[in-house]
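Participant: build the 3D model from these lines:
(2 chains)
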Amino acid sequence: MDLIANLALGFETALSPVNLLYCFVGCLLGTLVGVLPGIGPTATIAMLLPITFSFAPVTALIMLAGIYYGAQYGGSTTAILINLPGESSSAVTAIDGYQMARRGEAGAALATAAIGSFFAGTVATFVLAVAAPPLAHAALSFGAPEYFSLIVLGLVASIALAHGSIVKALAMIVLGLLLGMVGQDIYTGTPRFTFGFFELYSGLNFVSVAVGVFGVAEILRNLETETTREVMVKKVSNLWLNREQFRRIVAPVLRGTGLGALLGVLPGGGHVLSSFAAYSIEKRLSRRPQDFGKGAIEGVAGPESANNAAAQTSFIPMLTLGIPAHPVMALMIGAFIIQGITPGPNVIKDEPALFWGIIVSMWVGNLMLVILNLPLIGLWVKLLTVPYRVLFPAIVVFASVGCYAIASNHFDVYAIAVFGLVGYVLVKLGCEPAPLLLGFVLGPLLEEHLRRAMILSRGDPMIFLNRPISATLLALAAIALVVAVLPSVRKKRDEVFVEED
Amino acid sequence: MGRAGLKDILAGLIFLGFAIAFGGAAAGYQLGTAFRMGPGYFPLLLAGALGVLGVAILVKGVTTAASDTPIGPVPWRGAILILAGLVYFGATIRGLGLVAAVFGAALLSALASRSNPALAALAIAAALTVLCVLVFHVGLGISVPLVGPWLRGVI
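Facilitator: Prediction:
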């Protein structure tokens, strides 16, 4: 019965005129920027983050959540129409979605993505509402050692699921952790790694780091090969499914939703993994696997549902533990902190209206997206024709003004340049940028909990192994690391990710 | 040395460089003990870990001469102009104000693409300036002046 009362509170918050308006604005802006080719959800959110800071916390976070799933949705549209996924999680959608579009079935592909996403979003939001409170309750008993181990597990799991070299990913995490140390030490106030610049005392701005490694680095990547893309589909018609198509997507949507909801909770690339996994499952279960890659509607339905379900459930660790599952959630944590709220198990108790308002707004937002996207598809198609040479200066300028406006600190703009360069070089050398950002956000938390735990134990590191919950979490982290390095699993993992070629 | 393993060698050297820089600075702060850690303790630990990982990547690059994809072209002009745009923005936003800072940054970054001739870049910069003023000044009301103190006497 608690659940109903809580959801009622959520609806009350989410349906207030102001919140409804900004949920809509968020979805619209998110889709708008997400549709633009070459900008993924992380860069979109980092860029739009500053405009939410002047609102009340609930409104700001509702709008941000709207931007997030709007961006993700926009990314799928781009993937289907021009075969240019904004983010790895929609890379799979591009395989069959684009082939459908080439066959003149763009309308059906877009409708599949919309229906699958909406259904998955609805189910996953419910999962979130049911699973979050007990988890948050359990987390309330966590002390410093448990938190330390939990963060370690989160960081390790984030690389076990990603692709690429494990050692490089570990190095990126540690580099991120070190960058998170820049600024005044919380206990003694000693300025660290600031080179004497007062502007760095409060640390590096996480928006700058995110825009740098995800936005600017991506622009530089795109400038390597300046090619003009052809928008093949000028007009999308028939935005619905016939009975036969509808019948074909029911099972993939259900399977994708289940898979995504489950994998989304995992830290790291849960949403990416889920769409890849959903695609392989559909291909394996299909009676006509040879159709996959040539425009199989199941190949759009499964991954799209999975990645949307995962996007919703990835809020669970963030809202209940304060641990981000992926870079976008890391940005959300930053937004919480800027709004003066520490994300973690206390949010649900101290700010019930905020907590339940966000959850309900996700469902409202998903509904809005369906209503918004199907009629507005003509506008999105037009946006796809904006040439990249106009787009990227806009990204640079918006990112600069946005970052500067947060704290009127011009160092934040220099930081974008530095991290753009560092990010570009490292990505070019085969390192993934996501672990760096996660490490950066979690670094200060990790240090704080480590130091607290060591004070508790009077300097004995065995405290992490003597406490059962902490020991279990560390054991899980060790298992995740060993499993990821095992040659057989590595091969399997590469297979799953190779699917896109 | 062929290009095999070159990526790993470079990545390893970069991580090692960061490790030495951070480690060197961290060693200068009060370290404290495991019981009461000082500001330098945890960063020094991390820098040590990063150093070990850097060496591991380096060694892998030197020893394995297998399947390494080439690094590929580097857009020097683009990189320099975009970074210059960002630095220009940071350096002038307080002095020149929103209009001049946005215009210059947009112009520099628009020139980063070879498919933007000077005139097109000017047009893009002008359009983005108008857009930014509308969005950030009129729409969101951020507190950055349109015209900064350096220009007050001139205009």
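
Participant: how about A:P375, what does it touch?
Facilitator: Going by CB atoms under 8 Å, 6 or more residues apart in numbering or on different chains, A:P375 touches no other residue. From N, CA and C alone the C-beta is placed, and that goes for glycine too.

Participant: cutoff 10 Å now
Facilitator: A:L239 (CB atoms under 10 Å, 6 or more residues apart in numbering or on different chains).

Participant: cool, A:A120 as well?
Facilitator: A:253-254, A:256-261, A:264, A:301, A:304-313, A:366.

Participant: same question, A:L175
Facilitator: A:422, A:426, A:431, A:435-436, A:439-440, A:443, B:14-15, B:18-19, B:22, B:46-47, B:50, B:53-54.

Participant: which SSE is it in?
Facilitator: helix A:166-180 (DSSP states H and E).

Participant: give me the distance between that helix and the centre of its chain.
Facilitator: For helix A:166-180, the separation from the chain centroid amounts to 19 Å (computed by CA atoms, centre = their mean, to the nearest Å).

Participant: count the neighbours of A:I337 for me.
Facilitator: Per other CB atoms under 10 Å in any protein chain shown, the neighbour tally for A:I337 reads 14.

Participant: please list only the buried members of the contacts of A:A120.
Facilitator: Neighbour-count burial within the contacts of A:A120 applies to A:253-254, A:256-261, A:264, A:301, A:304-313, A:366; the criterion is 16 or more other CB atoms under 10 Å in any protein chain shown.

Participant: the residue of chain B positioned farthest from its centre and A:P461: what is the separation?
Facilitator: What lies farthest from the middle of chain B is B:F35; by CA atoms, centre = their mean that is 37.1 Å. Note on B:F35: its distance to A:P461, by CB to CB, to the nearest Å, is 11 Å.

Participant: ditto for A:F246
Facilitator: 58 Å.

Participant: please look at A:S149 and A:I469 and confirm they touch.
Facilitator: Yes: using CB atoms under 10 Å, A:S149 is in contact with A:I469, at 7.7 Å.

Participant: return the residues in contact with whichever residue of chain B sits closest to chain A.
Facilitator: Residue nearest to chain A within chain B: B:F35 (3.2 Å; CB to the nearest CB). By CB under 10 Å, 6+ apart, the contact list for B:F35 reads A:451, A:454-455, A:457-460.

Participant: that one: which element?
Facilitator: Counting by DSSP H and E, B:F35 is part of no helix or strand.

Participant: phi, psi of it?
Facilitator: Torsion angles at B:F35 (phi, psi; degrees, to the nearest 10) stand at phi -70, psi -60.

Participant: could you see whether chain B lies near the next helix or strand after the helix holding A:L175?
Facilitator: Using DSSP H and E, the helix or strand that follows helix A:166-180 in sequence is strand A:183-184. Yes: applying CB under 10 Å from any CB of the partner chain, one finds strand A:183-184 in contact with chain B at A:Q184.

Participant: ok, back up a step: what sits in contact with each of A:S149 and A:I469?
Facilitator: A:F142.

Participant: next step: the contacts of A:A120 restricted to helices.
Facilitator: Secondary structure from DSSP state H places A:253-254, A:256-261, A:264, A:301, A:304-313, A:366 of the contacts of A:A120 in helices.

Participant: and for residue 119, the neighbour number?
Facilitator: Assuming you mean chain A. Around A:F119 there are 23 residues (other CB under 10 Å).

Participant: ah, I was thinking of chain B
Facilitator: Residues near B:L119, counting by other CB under 10 Å: 8.

Participant: go through the longest helix along chain B and flag the buried ones.
Facilitator: Counting residues, the longest helix found in chain B (DSSP H) is helix B:76-110. Within helix B:76-110, the residues that qualify as buried are B:78-79, B:81-90, B:92-94, B:96-110, counting by 16+ other CB under 10 Å.

Participant: leaving out sequence neighbours, find the closest residue to A:G459.
Facilitator: B:F35 (3.2 Å; CB to CB, 6 or more residues apart in numbering or on different chains).

Participant: OK, now which residue of the stretch 1-150 of chain A is nearest to chain B?
Facilitator: Closest point on the stretch 1-150 of chain A to chain B, by CB to the nearest CB, is A:I51, at 5.7 Å.

Participant: residues near that residue, how many?
Facilitator: By the criterion of other CB under 10 Å, A:I51 has 23 neighbours.

Participant: in three-state terms, label it for me.
Facilitator: Put simply, A:I51 is helix when judged by DSSP: H, G, I helix; E, B strand; the rest coil.

Participant: what residues does it make contact with?
Facilitator: Applying CB under 10 Å, 6+ apart, the residues near A:I51 are A:25-26, A:29, A:60, A:63-64, A:67, A:398, A:402, A:405, B:135-136, B:139-140, B:142.

Participant: out of those, who's the most crowded?
Facilitator: A:I67 (32 neighbours).

Participant: that one contacts A:T44, correct?
Facilitator: Yes: using CB under 10 Å, A:I67 is in contact with A:T44, at 6.7 Å.

Participant: name the nearest residue to residue 96, sequence neighbours excluded.
Facilitator: Going with chain A. Leaving aside its sequence neighbours, A:D96 sits nearest to A:G299 (CB to CB, 6+ apart; 3.4 Å).

Participant: hmm, no, I was thinking of chain B.
Facilitator: That would be B:G148: by CB to CB, 6+ apart, it lies 4.6 Å from B:L96.

Participant: next one: phi and psi at that neighbour?
Facilitator: According to degrees, to the nearest 10, B:G148 has phi -80, psi 170.

Participant: number of nearby residues for it?
Facilitator: Residues near B:G148, counting by other CB under 10 Å: 18.

Participant: mind listing what it touches?
Facilitator: Taking CB under 10 Å, 6+ apart, one finds B:92-101 in contact with B:G148.

Participant: farthest pair within those residues?
Facilitator: B:R94 and B:V99 (13.3 Å; CB to CB).

Participant: need the overlap of contacts for those two.
Facilitator: Residues touching both B:R94 and B:V99 (CB under 10 Å, 6+ apart): B:145, B:148.

Participant: what is in contact with A:I67 and A:T44 at once?
Facilitator: Contacts common to A:I67 and A:T44, judged by CB under 10 Å, 6+ apart, are A:29-34, A:328.

Participant: tell me the one of those residues nearest A:P317?
Facilitator: Distances from A:P317 to these, taken by CB to CB, are shortest for A:V328, at 12.5 Å.

Participant: what about the helices in chain B?
Facilitator: B:6-27, B:41-63, B:76-110, B:118-132.

Participant: save the ones you listed as JSON lines, and put in mean pLDDT too.
Facilitator: JSON lines is the format used below for these (pLDDT from 0 to 100):
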{"stretch": "helix B:6-27", "mean pLDDT": "93"}
{"stretch": "helix B:41-63", "mean pLDDT": "93"}
{"stretch": "helix B:76-110", "mean pLDDT": "93"}
{"stretch": "helix B:118-132", "mean pLDDT": "93"}
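
Participant: and the ones you listed: which comes nearest A:T13?
Facilitator: Nearest of the helices of chain B to A:T13, taken as CB to CB: helix B:118-132 at 32.7 Å.
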